[in-house]
Structure formats: structure tokens, C-alpha cells
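> Give me the fold of what follows.
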Amino acid sequence: METSIVISGFGGQGVLFAGQLLAYAGMDNGRFVTWIPSYGPEMRGGTANCTVIISHDPVGAPIVAQPDIALVFNQPSYDKYAPLVKPGGLLVVNSSIVAHEQIRDDLNVVEIPANGLAGEFGTIKMLNMAMIGAMLAHHLVLPVTALEDALRDHLPESKQKFLSGNLDVLHAGFRAAVSANLAV
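Numbering: from 1, shown residues only. Okay, here's the model as predicted:
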């Protein structure tokens with residue numbers, strides 16, 4: 001089984017690290033993975049996105065025209081990627097800053113206030129973990145424990161002081177997505 005994921009937002013929101021973390025977790029769990037980052041010259045504040053493929057078999061091509069899943073951290077990302085997700089796919093929306101409009105009825109859309117959830121645990125810079133947690137609540141690409149282990153093993157030494165908060169936000173995003181689904 002192969003799952004393609006696009007993660008997109010502003011530079012500084014942890015878009016690229018979220019993709020790297022998924023790739024590390026996949027590799028650490030014996031999966032074949034690709035991770036392709038893309039960002040504008042502005043870096044922080046500019047646009048950033050990455051494509052991650054996680055598969056049980058070798059990945060034939062790393063280019064994805066229609067992802068299975070899109071995590072959109074901001075409005076421009078929503079506008080660009082919501083129309084591209086495969087029918088029946090998953091769209092995870094950061095409702096803290098994205099004005100979601102029902103543009104398609106053939107997607108599983110999960111809205112979570114990622115900025116708010118991350119802010120509860122210290123800093124909105126961890127919103128990427130809330131978005132990953134929400135994705136895992138609706139499409140278990142990898143076990144949550146795989147992401148926990150990847151955070152422990154691959155979080156840079158200078159960021160280790162944020163490990164506990166990142167784990168808390170990962171779980172908060174998962175719980176928020178489960179609750180959002182129950183409310184529908």
C-alpha cells in the first residue's frame with residue numbers, strides 16, 4: 001500500500017519538519033519513503049510545501065499530481081491543494097487561520113484549530129504536530145507510536161527541550177480530530 005501526502009503552509013510553520021518526521025518514522029518502521037521539499041526564497045513567511053510518500057513497496061516515482069492526503073496549514077495552501085486531493089482522500093485543515101469552504105463533497109475533511117492546540121502547550125510553532133496527529137486519527141499511515149519514536153530519535157538536539165510539548169500536541173491533534181469526527 002502506498003500513501004502520498006502533501007504538507008503545505010508558510011515557512012516557519014514546521015511544514016518541512018513535519019514531512020521529514022513522517023519520512024523518518026516510515027524508514028524506522030521498514031517502509032519505503034520519499035520526501036521532496038519545496039520552498040520559496042523568502043523562507044520564513046514565504047510558502048513551503050513537501051511531498052511524502054510512504055509505501056510497503058519501492059516507490060516508483062516521487063512526483064504526486066493527486067495526493068491521497070493534504071495537510072494545509074494556511075489559506076493559500078488550502079486554495080492550491082484542496083482541489084488536487086484524490087476523490088475519497090483526506091484533507092486536514094488548520095481552522096485557526098483557514099476559512100474552509102465546502103468546495104468538494106468527495107473528500108474526508110477534518111478541521112482542527114492547530115494554532116490554538118499548539119498554543120495550549122507553549123508555542124504555536126508546534127502546530128505541525130497537531131496536524132499530523134489529526135491526520136493519523138483519520139488515516140493511520142503509521143502507528144502514532146512510530147511518530148512518537150521518530151520525534152524522540154530525530155528531533156535536533158537543540159530542540160529536545162520541546163519533546164514533551166511536541167508529543168502533547170501530537171496527541172491533542174489526534175484527540176481533536178476524533179472529537180471533530182464524532183460531532184459531525
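
> Could you verify that residue 53 is part of a helix?
No - assessed by DSSP: H, G, I helix; E, B strand; the rest coil, residue 53 does not belong to a helix; its assignment is strand.

> packing partners for the longest helix seen in the chain?
When the chain is parsed with DSSP state H, its longest helix is helix 163-183. If you count contacts as 3 or more Cβ pairs under 8 Å, 6 or more residues apart in numbering; DSSP states H and E, helix 163-183 packs onto strand 108-112, helix 114-120, helix 127-138, helix 144-154. No exception for glycine: its C-beta is placed from N, CA and C like everyone else's.

> Repeat the analysis, applying 6 Å as the threshold.
With contacts defined as 3 or more Cβ pairs under 6 Å, 6 or more residues apart in numbering; DSSP states H and E, the packing partners of helix 163-183 are strand 108-112, helix 114-120, helix 127-138.

> So which of the ones you listed has the densest surroundings on average?
Neighbour counts (mean count of other Cβ atoms under 10 Å) averaged over each of the helices and strands packed on helix 163-183 peak at helix 127-138, with a mean of 27.

> what about that one, distance to the chain center?
What separates the centre of helix 127-138 from the centre of its chain is 6 Å, taken as Cα atoms, centre = their mean, to the nearest Å.

> so what does that helix touch, helix or strand wise?
So helix 127-138, by 3+ Cβ pairs under 6 Å, 6+ apart, packs with strand 90-94, strand 108-112, helix 114-120, helix 163-183.

> quick one: which of those is nearest residue 76?
Minimum separation from residue 76 across the helices and strands packed on helix 127-138 (Cβ to Cβ) falls at strand 90-94, 12.0 Å.

> Can you give the strand pairings for that closest one, parallel or anti for each?
If you go by DSSP bridges, strand 90-94 pairs up with strand 69-72 (parallel), strand 108-112 (parallel).

> Quickly, which of these bottoms out on average pLDDT?
Across the strands paired with strand 90-94, strand 108-112 has the smallest mean pLDDT, namely a mean of 95.

> Direction-wise, compare that strand with helix 127-138 and give the angle.
Strand 108-112 and helix 127-138 are oriented at 140 degrees to each other (axes from the mean of the first three to the mean of the last three Cα atoms, to 10 degrees).

> how about strand 108-112 as PDB, C-alpha atoms only?
These are the backbone C-alpha positions of strand 108-112, laid out as PDB (Å, rounded to 0.1, in the frame of the first residue of the first chain):
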ATOM      1  CA  ASN A 108     -13.000  13.500   4.100                       C
ATOM      2  CA  VAL A 109     -12.300  17.000   5.600                       C
ATOM      3  CA  VAL A 110     -11.000  17.300   9.100                       C
ATOM      4  CA  GLU A 111     -10.800  20.800  10.600                       C
ATOM      5  CA  ILE A 112      -8.800  21.400  13.700                       C
END
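
> Alright, that wraps it up for me.
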